[in-house]
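Undergrad: prediction below, plus the sequence it came from.
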There are 2 protein chains.
Amino acid sequence: MPTTLTPDQISTSLKALADPNRLRIFERLTQGDSCNCELRDELGLAPNLLSHHLNVLSKAGLIHSRRDRVDGRWIYYAIDGSKVSLLRDWLLHLLDVERVETRPVLCGPEGQLASITCQPEGV
Amino acid sequence: MPTTLTPDQISTSLKALADPNRLRIFERLTQGDSCNCELRDELGLAPNLLSHHLNVLSKAGLIHSRRDRVDGRWIYYAIDGSKVSLLRDWLLHLLDVERVETRPVLCGPEGQLASITCQPEGV
DNA sequence: ATCATAGTTCAATGATCATTGAATTATTTG
DNA sequence: CAAATAATTCAATGATCATTGAACTATGAT
């Protein structure tokens, strides 16, 4: 695969989304790009705290930023679709319950006993 | 909805999976139930450290445990399918890139300008 | 140049957390 | 009962991290 996720990237991404405030920020950004000051109004978080969390989300690759083309003081943050899709696909597989295997023989005594007790017929 | 996830449950679950060692444990358990000592051998982690991580995963509701029916000293850990499915569905929605909206008007000057410039025809 | 604004960076604080070794519990065996 | 085994709990340590206020940077307006 050309673009797969390393365990480190998975961990960083999940850690980024695991914080309640960052999750709120991320959810807000799925409803459209936004800037620091708008997030401050809507989420009630201090600008410097927002900068910190936005930076964590950026370093995880989940969002990216650009400056306003009219007034460069404003910076817009947006979901990074490709990175988020990669993470989504990976989690889709990890959390696929259908994929969870039922162990034929458990490691402990119960499993060992089963392997002796449950023989194929005629043995 | 009868069984939905609270922000707190989401955060706890993601935090549980965000740790590299816990992720390894979880991935191992998707391949079949296992006990502390087997995880110790396969993952190379101390028994008390495993107990700690297994406890975190349990409290997040991602796994559950039961004792060996033959020798009660052994405890098996297994993926909790229903809880994991709930989390999966929730993440499926959160990380659905198709759902991400393109903002009609940005909050900053660039957006305001666009709303003036891009009028419906004949205005 | 000066001021205002949007945002970031810095330093400090307290909380949370992963990891480790020692002590403890629960259960089975002799 | 005592000894052994699978696992947990406890206490301590160091690292990481969210949060806050203050200082700083970048950009635009007057």
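TA: Nice, thanks for sending it over. Numbers count the residues shown, from 1 in each chain, chains lettered A, B, ... in the order given.

Undergrad: next, see if stretch A:4-20 gets close to DNA strand D.
TA: Yes: for stretch A:4-20, a contact with DNA strand D is found by Cβ under 7 Å from any atom of the strand, at A:K15, A:D19, A:P20. For the C-beta atoms, the positions are set from N, CA and C on the backbone; glycine is no exception.

Undergrad: who touches the residue nearest the centre of chain A in this structure?
TA: For chain A, the residue nearest the mean C-alpha position is A:L14 (4.1 Å; Cα atoms, centre = their mean). Taking Cβ atoms under 8 Å, 6 or more residues apart in numbering or on different chains, we find A:L14 in contact with B:L14, B:K15, B:L17, B:A18, B:L23.

Undergrad: try it again at 7 Å.
TA: By Cβ atoms under 7 Å, 6 or more residues apart in numbering or on different chains, the contact list for A:L14 reads B:L14, B:L17, B:A18.

Undergrad: and A:I10, backbone torsions?
TA: Per-residue torsions, A:I10: phi -60, psi -50 (degrees, to the nearest 10).

Undergrad: quick one: contacts for it?
TA: Counting by Cβ under 7 Å, 6+ apart, A:I10 touches A:W90, B:L23.

Undergrad: any idea how far it is from A:R88?
TA: For A:I10, the distance to A:R88 (Cβ to Cβ, to the nearest Å) stands at 12 Å.

Undergrad: tell me the secondary structure at the residue in chain A positioned nearest to DNA strand D.
TA: DNA strand D sits closest to A:G72 of chain A, with a gap of 2.6 Å, by Cβ to the nearest atom of the strand. A:G72 falls in the coil class when you classify it by DSSP: H, G, I helix; E, B strand; the rest coil.

Undergrad: counting neighbours, what do you get for it?
TA: A:G72 has 11 neighbours, counted by other Cβ atoms under 10 Å in any protein chain shown.
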